[in-house]
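# I'd like to go over a predicted model; first the sequence, then the structure.
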Amino acid sequence: AGVVSVNGEIITEMGFRVNKIDKVQVEGDTIKAEVKRYILLNKPKNFLATEEDPQGRRTVMQLIRGACKERVVPIGRLDRDTTGLLMLTNDGEMAKRLTHPKVGVRNLYHASFKEKVSKVDLEKMLDGFELDGTFIKLNKASFVKNDPREVGVEIHSGRNRIVRRIFNHFGYKVTKLDRV
């Protein structure tokens, strides 16, 4: 329609590529690339790691309101009961790199229990086992400060509530889970 110009030249070609230094205008208004924003949040318990909730529950977006003018979204999942590190960004490429299974970004968790976790069960989790028809294993796991009620876990799977489900499979109930 002749309403877009690059460096003063009207562009009518579909898929025309521009560089960061080009001056792009639509109907005379200059378009500027959005500044990339990254927010690291220590998510508290009882907040959803989502933009909005149809049931009206609290979300992480309420915690960061006013932190930046750009629209950011949470990267990855962290269930309502889990605390810890959550990144929010408007950088789609970064989000894709951090969440794609082929990249294999590992997550570190500190899990707490009322009962002692046996070393034998921890070894089984490290060797791997079948969970809901899929082979799963922890990358690393060890007791925190030699306390069998506190376990540090490294895993690359981003499946829903995976750390809780792994320990539940072996008969343990996670009382506190923190992504560190």
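Cool, the structure landed.
# Give me the residue at the spatial middle of this structure.
In the chain, the centroid-proximal residue (CA atoms, centre = their mean) is residue 76; its distance is 2.4 Å.
# Do I have it right that residue 25 meets residue 5?
Yes - under the criterion of CB atoms under 8 Å, residue 25 makes contact with residue 5 at 4.9 Å. The C-beta positions use only the backbone N, C-alpha and C, and glycine is treated the same way.
# Pull up the overlap in contacts between the two.
Counting by CB atoms under 8 Å, 6 or more residues apart in numbering, residue 25 and residue 5 have no contacts in common.
# sorry, back to before: how far away is the residue nearest to the centre of the chain from residue 107?
As judged by CB to CB, to the nearest Å, residue 76 and residue 107 stand 8 Å apart.
# joint contacts of those two?
Both residue 76 and residue 107 are contacted by residue 158, under the criterion CB under 8 Å, 6+ apart.
# Could you measure from residue 98 over to residue 104?
Taking CB to CB, one finds residue 98 at 11 Å from residue 104.
# residue contacts, residue 94?
When the contact criterion is CB under 8 Å, 6+ apart, the partners of residue 94 are 36, 38, 75.
# Who wins on neighbours among these?
Comparing the contacts of residue 94 by number of neighbours (other CB atoms under 10 Å), residue 75 comes first, having 21 neighbours.
# who does that one bridge with?
Partner residues in beta bridges with residue 75: residue 87, with DSSP bridges as the criterion.
# For it, give me the pLDDT.
The confidence metric pLDDT takes the value 92 at residue 75.
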